[in-house]
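# Predicted model follows, preceded by the sequence.
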2 protein chains.
Amino acid sequence: MKQNVNKPTLQDVARKAGVSTATVSRCLNFPDQVAGRTQEKVNNAVRELGYSPDFGAKAMAARRTNTIGAIIPTMANALFARGLQAFQEELQLHGFTTLVASTSYSSETEEQQIRSLVARGADGLLLIGHERDPEIYRFLETQGVPVLISWVYDTAATRPSVGFDNAAAMKEIANEVISLGHRQIALISAELEFNDRATARLHGIQDAMSEAGLDASNLQVVETYYGIDEGAVAFDELMKTAKPPTAVLCGNDVLAVGALRRARELDIKVPEQVSIIGFDDLDLARATFPALTTVLVPHREMGKQAAIALASKVKDDAPIQSYELKTKLVFRDTLGPVL
Amino acid sequence: MKQNVNKPTLQDVARKAGVSTATVSRCLNFPDQVAGRTQEKVNNAVRELGYSPDFGAKAMAARRTNTIGAIIPTMANALFARGLQAFQEELQLHGFTTLVASTSYSSETEEQQIRSLVARGADGLLLIGHERDPEIYRFLETQGVPVLISWVYDTAATRPSVGFDNAAAMKEIANEVISLGHRQIALISAELEFNDRATARLHGIQDAMSEAGLDASNLQVVETYYGIDEGAVAFDELMKTAKPPTAVLCGNDVLAVGALRRARELDIKVPEQVSIIGFDDLDLARATFPALTTVLVPHREMGKQAAIALASKVKDDAPIQSYELKTKLVFRDTLGPVL
DNA sequence: TTGACTAATGTAAGCGCTTACATATACATG
DNA sequence: CATGTATATGTAAGCGCTTACATTAGTCAA
């Protein structure tokens, strides 16, 4: 290992400034409790030594970190990245630092990350979706770390959450699709296991279809990873089946963009021959040609509300209030009637 | 505050298992130094108590965190996000955890983040680009934290770096543009201040132009933020000038996608009336219509090499070896000759 | 000047771990 | 069996901070 240089400590600063360590600590944390002249001496010493407090020591002594952890599936998904950005910004206003980790959609990795963030002293945790090993929830409870679930809002769930109703949102757009005459429908979904958002969206479509009297066999589902190429491949697959769909719903805009690209490559006209629908409403959705019909997810607002809820829980131990956000259909140019 | 629950400590585990704290510690960190029967007792106690080690205490006692910090401008930029992903994966192989922070391109925020990561005990730091307040470099030196600069490779720089030559890459594509007859050229760039990558790319174009005998007045530069909409607005602006460019180079693919979108909205044919060139080669670049001509940046390889360099520096105190990665022109459908 | 405050500073006890060192136990050797 | 060696565990001293409590300095009314 290294450790060639010895980082200056509070002690060093105290010695240099000719005061006690307690005074230095106060000067740094509660300046108004310290006389002006003393502050100056201390600040000079801090500057000259290039002192920087040790977070670990501080956390241990103060028994508090003012840190909130957030674990999302992937940074690659712009929607998570942006929602988290808003979460972070709001928390900063409340005096919290955010520690971010991602799981690549692996529940195993998620568990590790949860443990790691708890070990690092997170005062609270933001998690995406409800579905995970009950043991983890037990662990968090024994550690006394409050958790807020986001990206979903499920009245049936016992834990508080800030998010939207994935099933209802998907059902709404599915209804539109069906009312335009589509009967042969497909869903390009993220992996369904350990992903209650994806599962809920699937259920939304199934619901809409069964209410419209359509048989389950009219729905084809392909699961894949997040990515444009993945969407393209999935679309390909669907078009090669015996009864190719006339409408392809996608679990997110990125998959939809991939599908759209492949449609163009296959010379399939959208929406004349097949409709393609996204989910999320990224900037991207307006930039494709034709522009993507999709479902707007208010990600920034979601991040912000999650931050507010979690901050008040951690600070004042106020019970977390669940909060439902509304999605909105955005009609652009990739959804059309069956011709 | 809260603290209703008392997290179990090493002490608690030791008591429950009927051994000393030292044994518990060893059992957790160096299991092969501990007898099998003892391991069992300890592991049971750990499980029953839901024990999780306190990172801060551990770091303080061990004087090592096995944590590497990485500070990037923004997660919103997929290229950073992906490069970082590779960085992280590689570091994990070497036994390091990565702590990520982003700055929103603010040098002030960056300074905070650097201090925060150092405080959190980062054994090393990854930073993007060379350009920052010298005081920060001094601070890092007094703290004994090794730094690796990435995303740039500049032979003139004193600090080691793992990246590519931004100026050369941009010059290369600019040469192509010029050789296709373009004389009136524009650059939609990220903000140039405190951004040596963006500045270098600008210089690359200027170089190419002056070598081709073009006057500086033939180049229009508009600085903007990262985003599709921002690219669209910038493109708009350029088209409204007295001498609109016939080729628009963009600092990244996202800006280019925005420009492309606005071109379509304005009914300007690409590449017949104006050529649009991106930078980065995101998946996105293949998904637009027409597909984007751009410059491939080997972001994953960059992240990986950066991780290797930094890990060996931190572990063995080996001097960091600079490493140059090569970019590659990717010709698709948005660059054409002047008609 | 004094006493009664308040304001500023100091003292020292931990926070939860790791690890050098000391000790105990087990086993092989002569 | 005594002895030496290896293996397993225990003891206790910090790591760099915060903070309750004790002490001292400063201020002001009487």
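Structure received.
# Regarding chain A, what is its longest helix?
Using DSSP state H, we find that the single longest helix of chain A is helix A:299-316.
# mean confidence for that one?
Averaging pLDDT along helix A:299-316 yields 94.
# does it come close to chain B?
Yes. Using C-beta under 8 Å from any C-beta of the partner chain, we find that helix A:299-316 touches chain B at A:Val314, A:Lys315. Yep, even glycine has a C-beta here, placed from its N, CA and C like the rest.
# Report the buried residues of that helix.
Neighbour counts over helix A:299-316 (16 or more other C-beta atoms under 10 Å in any protein chain shown) mark A:299-311, A:313-315 as buried.
# Show the residue spans covered by the helices in the stretch 201-339 of chain A.
Applying DSSP state H, counting those that start in this stretch to the stretch 201-339 of chain A gives helices spanning A:228-239, A:253-265, A:284-287, A:299-316.
# I meant the stretch 1-150 of chain A, not that one.
Taking DSSP H, counting those that start in this stretch as the test, the helices found in the stretch 1-150 of chain A are A:10-17, A:21-29, A:36-49, A:55-62, A:78-93, A:107-119, A:134-142.
# Reformat those as TSV; add distance to A:Leu238, mean pLDDT and mean neighbour count.
Shown next, in TSV, are those (distance: least, C-beta to C-beta, whole Å; pLDDT from 0 to 100; neighbours: other C-beta atoms under 10 Å in any protein chain shown):
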stretch	distance to A:Leu238	mean pLDDT	mean neighbour count
helix A:10-17	63	95	19
helix A:21-29	60	96	18
helix A:36-49	63	94	16
helix A:55-62	51	94	19
helix A:78-93	23	92	21
helix A:107-119	27	93	18
helix A:134-142	35	92	14
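# ok so, going back, got the CA positions of the longest helix of chain A in CSV?
Taking C-alpha atoms only, helix A:299-316 is exported to CSV below (Å, rounded to 0.1, in the frame of the first residue of the first chain):
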residue,chain,number,x,y,z
HIS,A,299,-39.1,11.4,-13.6
ARG,A,300,-37.8,14.6,-12.2
GLU,A,301,-40.8,15.2,-10.1
MET,A,302,-40.6,11.6,-8.9
GLY,A,303,-37.0,12.1,-7.8
LYS,A,304,-37.9,15.3,-6.1
GLN,A,305,-40.9,13.9,-4.2
ALA,A,306,-38.9,10.9,-3.2
ALA,A,307,-36.2,13.1,-1.8
ILE,A,308,-38.7,15.2,0.2
ALA,A,309,-40.3,12.1,1.7
LEU,A,310,-37.0,10.4,2.6
ALA,A,311,-35.5,13.6,4.0
SER,A,312,-38.4,14.2,6.4
LYS,A,313,-38.4,10.6,7.4
VAL,A,314,-34.7,10.7,8.3
LYS,A,315,-34.7,14.1,9.9
ASP,A,316,-37.9,14.1,11.8
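# So what angle separates the directions of it and helix A:78-93?
Counting by axes from the mean of the first three to the mean of the last three C-alpha atoms, to 10 degrees, helix A:299-316 lies at 40 degrees to helix A:78-93.
# Helix A:299-316 packs against which elements?
strand A:67-72, helix A:78-93, strand A:124-128, strand A:147-150, strand A:161-163 (3 or more C-beta pairs under 8 Å, 6 or more residues apart in numbering or on different chains; DSSP states H and E).
# Name the residues of chain A found near DNA strand D, please.
A:6-7, A:9-11, A:21-22, A:24-26, A:28-29, A:51-54, A:57-58, A:60-64 (C-beta under 7 Å from any atom of the strand).
# now with 6 Å?
Of all the residues in chain A, those in contact range of DNA strand D (C-beta under 6 Å from any atom of the strand) are A:9-10, A:21-22, A:25-26, A:28-29, A:53-54, A:57-58, A:60-62.
# domain parsing for chain A?
Per automatic domain parsing, the structural domains of chain A span A:10-53, A:67-164+A:299-325, A:166-297.
# Residues in contact with stretch A:242-249: which ones?
Under the contact criterion C-beta atoms under 8 Å, 6 or more residues apart in numbering or on different chains, stretch A:242-249 has outside partners A:170, A:173-174, A:177, A:180, A:182-188, A:205, A:220, A:235, A:238, A:256, A:259, A:273-277, A:279, A:335, A:338.
# now do 6 Å
A:177, A:182, A:184-187, A:238, A:259, A:274-277, A:338 (C-beta atoms under 6 Å, 6 or more residues apart in numbering or on different chains).
# same check, this time on stretch A:206-226
The contact list for stretch A:206-226 (C-beta under 6 Å, 6+ apart) reads A:77, A:171, A:174-175, A:178, A:183-189, A:191-192, A:230, A:234, A:237.
# at 7 Å instead, please
The contact list for stretch A:206-226 (C-beta atoms under 7 Å, 6 or more residues apart in numbering or on different chains) reads A:74, A:76-77, A:167, A:171, A:174-175, A:178, A:183-192, A:202, A:205, A:230, A:233-234, A:237-238, A:241, A:245, A:254.
# In ChimeraX, select just the buried ones from those residues.
Restricted to buried positions by 16+ other C-beta under 10 Å, the ChimeraX selection for those reads:
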select /A:76,77,167,171,174,175,178,183,184,185,186,187,188,189,190,192,202,205,230,233,234,237,238,245,254
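# residues in the stretch 1-150 of chain A within reach of DNA strand C, list them.
Counting by C-beta under 6 Å from any atom of the strand, the residues of the stretch 1-150 of chain A near DNA strand C are A:Val19, A:Ser20, A:Thr21, A:Ala22, A:Thr23, A:Gln33, A:Val34, A:Ala35, A:Thr38, A:Met60, A:Ala61.
# Report the two members of the residues you listed separated by the largest distance.
Spatial extent of those (C-beta to C-beta) is set by the pair A:Ala35 and A:Met60 at 28.4 Å.
# related to what we said a few turns ago, restrict the contacts of stretch A:242-249 to those near chain B?
Checked against chain B using C-beta under 7 Å from any C-beta of the partner chain, the contacts of stretch A:242-249 yield no neighbours at all.
# Pipe those residues into a markdown table and attach distance to DNA strand C per row.
Below are the contacts of stretch A:242-249 laid out as a markdown table (distance: C-beta to the nearest atom of the strand, whole Å):
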| residue | distance to DNA strand C |
| --- | --- |
| A:Val177 | 54 |
| A:His182 | 57 |
| A:Gln184 | 58 |
| A:Ile185 | 53 |
| A:Ala186 | 51 |
| A:Leu187 | 46 |
| A:Leu238 | 52 |
| A:Ala259 | 49 |
| A:Val274 | 57 |
| A:Ser275 | 56 |
| A:Ile276 | 52 |
| A:Ile277 | 50 |
| A:Val338 | 63 |
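# What is the nearest of those to B:Leu284?
For the contacts of stretch A:242-249, the residue nearest B:Leu284 by C-beta to C-beta is A:Ala259; the value is 14.3 Å.
# pretty sure that closest one is in contact with A:Cys250, am I right?
Yes. Assessed by C-beta atoms under 7 Å, A:Ala259 is found in contact with A:Cys250 at 6.1 Å.
# circling back to that earlier point, which stretch among the helices of the stretch 201-339 of chain A comes nearest B:Arg47?
B:Arg47 lies closest, by C-beta to C-beta, to one member of those: helix A:299-316, at 27.1 Å.
# residues in contact with that closest one?
Contacts of helix A:299-316 (C-beta under 7 Å, 6+ apart): A:68, A:79, A:82-87, A:90-91, A:94, A:96, A:123-124, A:126, A:146, A:148, A:150, A:162-163, A:318, A:320-321, A:323, A:325, B:2.
# what angle separates it from strand A:67-72?
Inter-element angle recorded for helix A:299-316 and strand A:67-72: 140 degrees (by the same axes, to 10 degrees).
# Between strand A:124-128 and helix A:299-316, find me the angle.
Interaxial angle, helix A:299-316 versus strand A:124-128 (the same axes, to 10 degrees): 150 degrees.
# Work out the gap between helix A:299-316 and the centre of the chain.
Offset of helix A:299-316 from its chain centre (C-alpha atoms, centre = their mean, to the nearest Å): 13 Å.
# And for stretch A:197-207?
Here the centre of stretch A:197-207 is set off from its chain's centre by 19 Å, with C-alpha atoms, centre = their mean.
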